[in-house]
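[1] Turn this into a structure:
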Amino acid sequence: MGSMSIFHWLLVLLVIGLLFGTDRLRNMGKDLGIAVRQFKEGLNDNFPSEKEGPHSSDKDNKV
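    Presented below is the predicted three-dimensional model:
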């Protein structure tokens, strides 16, 4: 009784679409996608790439 069926979710999506408009929702989705992509790029920038290997800095620090 407490769970929402597919028809309830469709009604909720319809109301949200009417309130915000499809253009605004599309822009929000686009902005969210850009934010996720930038977040993933930021994570990759913080860690050394696997191509360099774990000991790539040892070449420069020979004693």
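
[2] Run a quick neighbour tally on Gly17.
    Residues lying near Gly17 (other C-beta atoms under 10 Å) number 12. To be clear about C-beta, it is placed using only N, CA and C from the backbone, and glycine gets the same treatment.

[3] List the contacts of it.
    Leu25 (C-beta atoms under 8 Å, 6 or more residues apart in numbering).

[4] Name the next helix or strand downstream of the helix or strand where it lies, please.
    Gly17 is part of helix 6-20 when elements are defined by DSSP states H and E. The first helix or strand that comes after helix 6-20 along the chain, using DSSP H and E, is helix 22-46.

[5] now the angle from that following helix to helix 6-20?
    Angle, helix 22-46 to helix 6-20, by axes from the mean of the first three to the mean of the last three C-alpha atoms, to 10 degrees: 100 degrees.

[6] so for helix 22-46, what's the average pLDDT?
    For helix 22-46, mean pLDDT rounds to 89.

[7] which helices and strands sit right next to it?
    helix 6-20 (3 or more C-beta pairs under 8 Å, 6 or more residues apart in numbering; DSSP states H and E).

[8] send the alpha carbons of the helix it packs on over as PDB?
    Only the C-alpha atoms of helix 6-20 are listed here, as PDB (Å, rounded to 0.1, in the frame of the first residue of the first chain):
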ATOM      1  CA  ILE A   6       4.400   2.800 -12.300                       C
ATOM      2  CA  PHE A   7       1.300   4.900 -12.900                       C
ATOM      3  CA  HIS A   8       2.100   7.000  -9.800                       C
ATOM      4  CA  TRP A   9       5.600   7.700 -11.100                       C
ATOM      5  CA  LEU A  10       4.300   8.600 -14.500                       C
ATOM      6  CA  LEU A  11       1.900  11.100 -12.900                       C
ATOM      7  CA  VAL A  12       4.700  12.600 -10.900                       C
ATOM      8  CA  LEU A  13       6.900  13.000 -14.000                       C
ATOM      9  CA  LEU A  14       4.000  14.600 -15.800                       C
ATOM     10  CA  VAL A  15       3.400  17.100 -13.100                       C
ATOM     11  CA  ILE A  16       7.100  17.900 -12.900                       C
ATOM     12  CA  GLY A  17       7.200  18.300 -16.700                       C
ATOM     13  CA  LEU A  18       4.300  20.700 -16.500                       C
ATOM     14  CA  LEU A  19       5.700  22.700 -13.600                       C
ATOM     15  CA  PHE A  20       9.200  23.200 -14.900                       C
END
